[in-house]
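*Asks:* predicted model and sequence follow; I will ask about them next.
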Amino acid sequence: MSAREGRAVNDRRLRAPAAPPRQPLRQNNFDLLRFVFAFMVFLVHAHVLSGVQEFGVFSRYLSSDFAVKSFFVVSGFLIFMSYENSRSVPAYFGKRIRRIYPAYAFVILASVVLGAFFSSFALSDYWSLPLLKYIAANLLFLNFLQPDLPGLFQHSAYQAVNGALWTLKIEVMFYLLVPLAVMAFARLGRLPVLALLYVGSVIYSAGMGTLAAQTGSGLYFELQRQLPGQLCFFVAGAAAYYYFTHLSRYALPLMIAAVTAFVLQDWLPWMLVQPLALGVVVVYLACFLPYLGNFGKYGDFSYGIYIVHFPVLQLLIASGRYDDVPWLMLLSAMALVVTTAILLWHFIEKPFLRRSSHYVETNRV
């Protein structure tokens, strides 16, 4: 072998990423964390949608923004793991479709059917072009094109039927990105690609935030929270997965540094630091905190809670029956949301999963 050929081989070896861990940690708290994040979003939305002053404690001490960004970190970790553990790209996409779409489509169609009973419009006016547009747009994850149904929640603070679904289209775009990112890893190196995606996402988010501040237009704020603005959180989770060995070696110091960053965020370039700090916190709680038990043994109810809580809250608030007893409304919403999530899991979500799925396996333990 010539010296030139030897250098070329060495260059390829340096550029090619090391094989990722197949299963960083079999016992983890990801299922519990997702449940907690979903419930955080539910409680904050209970305050935002109802405007009940007593519920202000939820918005004061909890953050739906923190929960959603944490969801994206968890997705980055687990979705890249899912891809690396899939036998092919079609198998990977099959897993992703089976996991999110059946329940998602059911909730969209169920909202349309139930909406006919609660709409202020006559049935003949309810079944209209806007309704068909709602079905088509929402089934394609394009919720922003038609977020409301005819005659539904017209006098509410928010007319959207399910305002929490905006994150699902971002999640789907993450799924589409993963195979392309892994291909780029092989050509350009894993760390450079992750860094490029991360920095590009932060620059985009900063740009949209600046335009929003300068113009006062809500459009730029809305664009800021879309893709690629949220990509940095997904990438932070991906980096935690691929460099899990390094993360585990310095887990406690990194956790202390991340918590310190949250405390000092006003003195830091927070938009650049936050995704990494949040990634460390979430993965530390999931993988390095003492194992808190097999929370997924009875199923993954977090997804159901997330996709059904908004319309349930909207219906109960719009009914006006709980105006004088807001805490009873909250308890009723909680019972309905959790019950619906459990039924959704057992009758819609679980039947579409393969027997090798983590949740199906744990259900048999």
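*Replies:* Arrived safely, thanks for sending.
*Asks:* let me know the pLDDT of Tyr291.
*Replies:* Note on Tyr291: pLDDT of 82.
*Asks:* surely it is in contact with Asn29?
*Replies:* Yes - using Cβ atoms under 8 Å, Tyr291 is in contact with Asn29, at 6.8 Å. Every residue, glycine included, has its C-beta placed from N, CA and C.
*Asks:* name the residue in the two with the higher neighbour count.
*Replies:* Asn29 (22 against 14; other Cβ atoms under 10 Å).
*Asks:* and the more buried one, what does it touch?
*Replies:* Contact partners of Asn29, counting by Cβ atoms under 8 Å, 6 or more residues apart in numbering, are 285-287, 289, 291-292, 295.
*Asks:* what's the farthest-apart pair in those residues?
*Replies:* Largest separation among these by Cβ to Cβ: Cys287 and Phe295, giving 14.0 Å.
*Asks:* ok, the closest residue to Gln27 other than its chain neighbours - contacts?
*Replies:* Among residues not flanking Gln27 along the chain, Tyr291 sits closest, at 4.6 Å (Cβ to Cβ, 6 or more residues apart in numbering). Tyr291 is in contact with 27-29, counting by Cβ under 8 Å, 6+ apart.
*Asks:* mind giving me TSV with those and columns for secondary structure, pLDDT and distance to Phe141?
*Replies:* Formatted as TSV, the contacts of Tyr291 follow (DSSP: H, G, I helix; E, B strand; the rest coil; pLDDT from 0 to 100; distance: Cβ to Cβ, whole Å):
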residue	secondary structure	pLDDT	distance to Phe141
Gln27	coil	81	33
Asn28	coil	90	28
Asn29	coil	93	29
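*Asks:* Thr245: which of the residues you listed is nearest?
*Replies:* Nearest to Thr245 among the contacts of Tyr291 is Asn28, at 15.3 Å by Cβ to Cβ.
*Asks:* doesn't Phe288 make contact with the closest one?
*Replies:* No - in this structure, Asn28 is not within contact of Phe288 by Cβ under 8 Å, at 9.1 Å.
*Asks:* hang on, the earlier thing: how would you label the residue nearest to Gln27: helix, strand or coil?
*Replies:* Assigned with DSSP: H, G, I helix; E, B strand; the rest coil, Tyr291 falls in the coil class.
*Asks:* tell me which element the residue nearest to the spatial centre of the chain is part of?
*Replies:* By Cα atoms, centre = their mean, the chain has its centre lying nearest to Phe71, at 4.1 Å. Per DSSP states H and E, Phe71 falls inside helix 64-84.
*Asks:* next secondary structure after the lowest-mean-pLDDT helix or strand in the chain?
*Replies:* Lowest on mean pLDDT, DSSP states H and E among the helices and strands of the chain sits helix 3-15, with a mean of 43. Of the helices and strands lying after helix 3-15 in sequence (DSSP H and E), the nearest is helix 30-50.
*Asks:* what's that next one packed up against?
*Replies:* helix 56-61, helix 64-84, helix 270-287, helix 302-319, helix 326-344 (3 or more Cβ pairs under 8 Å, 6 or more residues apart in numbering; DSSP states H and E).
*Asks:* for it, output the C-alpha coordinates as PDB.
*Replies:* C-alpha atoms of helix 30-50 as PDB (Å, rounded to 0.1, in the frame of the first residue of the first chain):
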ATOM      1  CA  PHE A  30     -37.900   7.400  30.100                       C
ATOM      2  CA  ASP A  31     -41.500   6.100  30.400                       C
ATOM      3  CA  LEU A  32     -42.000   7.900  33.700                       C
ATOM      4  CA  LEU A  33     -40.500  11.100  32.400                       C
ATOM      5  CA  ARG A  34     -42.800  11.200  29.400                       C
ATOM      6  CA  PHE A  35     -45.800  10.600  31.600                       C
ATOM      7  CA  VAL A  36     -44.700  13.500  33.800                       C
ATOM      8  CA  PHE A  37     -44.100  15.800  30.800                       C
ATOM      9  CA  ALA A  38     -47.500  15.000  29.300                       C
ATOM     10  CA  PHE A  39     -49.200  15.700  32.600                       C
ATOM     11  CA  MET A  40     -47.300  19.000  33.000                       C
ATOM     12  CA  VAL A  41     -48.700  20.100  29.600                       C
ATOM     13  CA  PHE A  42     -52.200  19.100  30.700                       C
ATOM     14  CA  LEU A  43     -52.000  21.100  33.900                       C
ATOM     15  CA  VAL A  44     -50.600  24.200  32.200                       C
ATOM     16  CA  HIS A  45     -53.300  24.000  29.500                       C
ATOM     17  CA  ALA A  46     -56.000  23.700  32.200                       C
ATOM     18  CA  HIS A  47     -54.900  27.100  33.300                       C
ATOM     19  CA  VAL A  48     -54.400  28.700  29.900                       C
ATOM     20  CA  LEU A  49     -57.700  27.500  28.400                       C
ATOM     21  CA  SER A  50     -59.900  28.100  31.400                       C
END
